[in-house]
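Novice: Sequence and predicted structure below; questions after.
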Amino acid sequence: MYYIKLVLVGIGLFCCSCNTCLHLTHKINQVTDNKKYGLWIMKNDTNGIITIMSYNNNLVVGRYTEYYENGNIRTTGNYCNGKEVGVWKYYSPDGLLTSKRKYRKGEIIVNKIYNISW
């Protein structure tokens, strides 16, 4: 796995669950004073995106999306100060919703698993 560096100006991400606003006027995968900031995109060896997330002061914040090698979404959810919050969705490699979890400050408060076979 490796990280790409691009310049992204004038776009902001907002984590409504903890009122954190990130204005992305920095480079993607920005490290300042040994701390991660802004949008981070992780790619696999074939240049496919596998994870998109944002950091503020080394903590994951805002929208999190993880992908399978085939490009389908694997997981989506939100972070607030490094902890999972709200509804997270988990999918099979062929795109079927397999489970949902509701988090509060990183703790699972509801876990629903869908009966599918894949």
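Specialist: Noted; the coordinates are in hand.
Novice: Thr76 is in contact with Glu84, isn't it?
Specialist: No: between Thr76 and Glu84 there is no contact under CB atoms under 8 Å: 11.3 Å. Where you see a C-beta, it was placed from the backbone N, CA and C, and this is true even at glycine.
Novice: Which one's more surrounded, the two?
Specialist: Glu84 (21 against 16; other CB atoms under 10 Å).
Novice: Next one, pLDDT for the residue nearest the centre of the chain please.
Specialist: When CA atoms, centre = their mean is applied to the chain, the residue found nearest the centroid is Tyr64 (1.5 Å). With respect to pLDDT, Tyr64 scores 98.
Novice: Quick check: the gap between it and Ile116.
Specialist: Taking CB to CB, to the nearest Å as the measure, Tyr64 falls 23 Å from Ile116.
Novice: Next, the contact list for Tyr67, please.
Specialist: Gly48, Ile49, Ile50, Thr51, Ile73, Arg74 (CB atoms under 8 Å, 6 or more residues apart in numbering).
Novice: Give me the distance between the host helix or strand of Asn111 and the centre of its chain.
Specialist: Assessed by DSSP states H and E, Asn111 sits inside strand 107-113. When C-alpha coordinates are averaged (CA atoms, centre = their mean, to the nearest Å), strand 107-113 and its chain have centres 18 Å apart.
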